[in-house]
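Asker: Sequence unavailable; structure follows:
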Ligand code: SF4
Ligand code: SF4
């Protein structure tokens, strides 16, 4: 090909836009009766003009940077104005990730402290990030250590970035939700009290995420998003309160529809009495959602622990699979004991072995596919052979059990069986 036919890329980066154009663009974003983020940003020390340059040029105005802060090993992210902006001297933008209370519930006192921290050490700007559950404080580089000391004094830490345990997330659980089988908030706090070093000091091949869902509805979608997933569940059938069920029917509850809604036909109605076959119940929560509080999670409650869910990773998206099928939780005050069982497997066995054998930037879900599920249970979880065999052979019709690998990684035989099971399930639901 002749050189004149080659596509010409004049520059990877744009020219800085004219000042008037940037100001005009930002002014446009302040028009109208609705709140304007530009107006609000102008009340802080945030460099709004640089932000406007990026918008006009259609390119990020930020380049990566690094802030030195002895004693802070995780949780600080740094940027500087990109060379294409030609801003001299460059403007630095550092922000700290703060590990916040469970379920993102703040007392007004704590919020006032965070505002105070932001004004005293930073730009007067706080960001609340829903997905990761972080609070981010923009901070002056030379005041990073002072901010860290201030946050520690009010019981908070900076951390959760890099190859660490990322911000641990719990659903609101008993705070807002009647279905909660265990106290997800307490479980999350307990995780930090046992594993705070994991969140503040990078030490692993890649990141680790814990998520706590209070019931099998799994509002957090933890099964698809976390390396270690703890879900509240129960054994046997949901619990029926006959008196409340009678009231529910009197108030217009459609019992025939309730029976039909069960995907495994576990519910029967003989015209006067509702019964549920616990051996068929897959804990889908459908009947409970329809008829709560007449139908509730069963009385024999506990935790199921899953491992290896990710959306983005080496071997693609995958659901977490059952590691520990059921840890009994006979009463709420046994939660810490139950969690210690989880930590004895995860903290004392799996993570040290994954640290040793995991490849760089390999989530634990990818490691267990690489080393095989059987070997993982034997050498990483150190389960005895009987338990490992039981977990490996669990059928996909049981709640949260899966083949342990993503569909695309299944053998042809497994794929066919999976599709056949799915087809049967679809017929049942119709
Ligand atoms: S996961 Fe269950 S307990 Fe938690 S908020 Fe959702 S429905 Fe409620
Ligand atoms: S929880 Fe789901 S599977 Fe179990 S009885 Fe209710 S509707 Fe059926």
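Answerer: It's in. If you're wondering where the values come from, they're calculated on a predicted model, not measured in any experiment. Ligands and ions are numbered 1, 2, ... in the order given.

Asker: looking at the protein, which helix or strand is least sure?
Answerer: helix 412-429 (a mean of 65; mean pLDDT, DSSP states H and E).

Asker: For this protein, what lies in contact range of ligand 2?
Answerer: 238, 262-264, 266-267, 276, 281-287 (CB under 6 Å from any ligand atom). All C-beta atoms are positioned from the backbone trio N, CA, C, and that covers glycine.

Asker: those strands in the stretch 251-400 of the chain, which residues are they?
Answerer: With DSSP state E, counting those that start in this stretch applied, the stretch 251-400 of the chain shows strands at 267-269, 274-276, 295-296, 301-307, 321-328, listed in chain order.

Asker: Turn those into JSON lines, columns for mean neighbour count.
Answerer: Formatted as JSON lines, those follow (neighbours: other CB atoms under 10 Å):
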{"stretch": "strand 267-269", "mean neighbour count": "16"}
{"stretch": "strand 274-276", "mean neighbour count": "17"}
{"stretch": "strand 295-296", "mean neighbour count": "22"}
{"stretch": "strand 301-307", "mean neighbour count": "23"}
{"stretch": "strand 321-328", "mean neighbour count": "20"}
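
Asker: closest point of the stretch 101-250 of the chain to ligand 2, which residue?
Answerer: Proximity of the stretch 101-250 of the chain to ligand 2 (CB to the nearest ligand atom) peaks at residue 238, 5.3 Å away.

Asker: OK, contacts around that residue?
Answerer: Shown in contact with residue 238 (CB atoms under 8 Å, 6 or more residues apart in numbering): 276, 281, 287, 288, 295, 296, 297, 298.

Asker: Swap in 6 Å and give it another go.
Answerer: Contacts for residue 238 (CB atoms under 6 Å, 6 or more residues apart in numbering) come out as 276, 288, 295, 298.

Asker: And the pLDDT for the closest residue to the last one other than its chain neighbours?
Answerer: When the adjacent residues along the chain are set aside, residue 298 lies closest to residue 234, with 3.7 Å between them (CB to CB, 6 or more residues apart in numbering). Residue 234 carries a pLDDT score of 92 in this model.

Asker: wait, residue 234 sits on residue 297?
Answerer: Yes. At 4.9 Å, residue 234 and residue 297 qualify as touching, with contact defined as CB atoms under 6 Å.

Asker: Tell me the one of the contacts of residue 238 nearest residue 224?
Answerer: Taking CB to CB as the measure, residue 288 is the one of these closest to residue 224, at 21.9 Å.

Asker: The closest one reaches residue 295, doesn't it?
Answerer: Yes. The pair residue 288 and residue 295 passes the contact test of CB under 6 Å, sitting 5.1 Å apart.

Asker: Tell me the pLDDT of residue 70.
Answerer: Per the predicted model, pLDDT is 85 at residue 70.

Asker: Same question for residue 245.
Answerer: For residue 245, pLDDT reads 96.

Asker: again with residue 411
Answerer: 63.

Asker: What separation do you get for residue 274 and residue 60?
Answerer: From residue 274 across to residue 60, the span is 59 Å (CB to CB, to the nearest Å).

Asker: Equivalent analysis for residue 340, please.
Answerer: For residue 340, the distance to residue 60 - CB to CB - is 45 Å.

Asker: Check residue 255 too.
Answerer: 58 Å.

Asker: Give me the more crowded residue out of the two.
Answerer: More neighbours surround residue 255 than the other of residue 255 and residue 60, with 17 against 12 (other CB atoms under 10 Å).

Asker: Tell me which stretches of the stretch 151-300 of the chain form helices.
Answerer: 184-200, 222-225, 242-250, 255-261, 286-291 (DSSP state H, counting those that start in this stretch).

Asker: Export these as JSON lines, with columns for distance to residue 323.
Answerer: Converted to JSON lines, these look like this (distance: least, CB to CB, whole Å):
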{"stretch": "helix 184-200", "distance to residue 323": "16"}
{"stretch": "helix 222-225", "distance to residue 323": "12"}
{"stretch": "helix 242-250", "distance to residue 323": "36"}
{"stretch": "helix 255-261", "distance to residue 323": "30"}
{"stretch": "helix 286-291", "distance to residue 323": "25"}
